[in-house]
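In: Predicted model follows, preceded by the sequence.
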Amino acid sequence: MIRKSTASDSIALAQLAVLLWPNHTLKELKQEIETLLSSRNAAFFLDIDQDVPVGFAQCQLRQDYVEGTSSSPVGYLEGVFVLESHRKQGIATRLLQHCEQWARDNGCVEFASDCAITNMESYAFHMKFGFQEANRIICFRKNLSEMRE
């Protein structure tokens with residue numbers, strides 16, 4: 001069963017989110033989720049199977065420029081994750097549908113997302129669900145503390 005998340009879901013969401021974003025701690029994800037859950041510009045949807053959270057999706061409204069779009073706000077899929085034991089059952093599809101409907105309900109006519117250029121699983125997911133590739137970029141960084149004059 002999929003439902004829109006509330007503040008009482010922050011721990012369950014953080015426990016799933018840390019599996020999707022392992023470079024973050026449970027504590028920092030819980031804090032970020034709590035902040036986002038209090039915002040009108042963000043939503044989480046949680047899939048529960050026999051009282052156990054098994055998947056979630058996070059979406060937001062973006063008012064800034066979103067690559068490849070021409071409207072504002074744009075609904076944005078920030079992340080979707082389903083436990084491996086529950087994959088291939090249509091959960092991600094239904095989570096995405098909830099996010100898209102939430103975006104429509106909030107005045108969006110476009111929905112966007114992104115993934116790392118090397119994340120072929122995410123790329124295939126997006127293509128399967130009708131996303132169109134808008135652009136590819138390479139991001140650069142430079143450590144200024146190591147530069148010498």
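Out: Okay, I see it.
In: In three-state terms, label Pro53 for me.
Out: strand (DSSP: H, G, I helix; E, B strand; the rest coil).
In: my read: it touches Asp47, true?
Out: Yes - counting by C-beta atoms under 8 Å, Pro53 touches Asp47, with 7.1 Å between them. Heads up, the C-betas are built off the backbone N, CA and C, glycines and all.
In: Pick out whichever of the two has more residues nearby.
Out: Asp47 (24 against 17; other C-beta atoms under 10 Å).
In: Now the host helix or strand of that one: buried residues?
Out: Taking DSSP states H and E as the criterion, the element that holds Asp47 is strand 42-49. When burial is assessed from 16 or more other C-beta atoms under 10 Å, strand 42-49 yields the following buried residues: 42-47.
In: Over to stretch 91-98?
Out: Quick answer for stretch 91-98 (16+ other C-beta under 10 Å): 91-92, 94-96, 98.
In: Relative to the whole chain's centre, how far out is the longest helix along the chain?
Out: Longest helix in the chain by number of residues (criterion: DSSP state H): helix 91-105. Distance, stretch centre to chain centre, for helix 91-105: 11 Å (C-alpha atoms, centre = their mean, to the nearest Å).
In: Past it, which element shows up next along the chain?
Out: Counting by DSSP H and E, what follows helix 91-105 is strand 111-113.
In: buried sites along that next one?
Out: For strand 111-113, by 16+ other C-beta under 10 Å, it's 111-113.
In: repeat for stretch 121-134
Out: Quick answer for stretch 121-134 (16+ other C-beta under 10 Å): 125-126, 129, 131.
In: what comes into contact with it?
Out: Identification of contacts with stretch 121-134 by C-beta atoms under 8 Å, 6 or more residues apart in numbering yields 67-69, 80, 92-93, 96, 112-113, 115-116.
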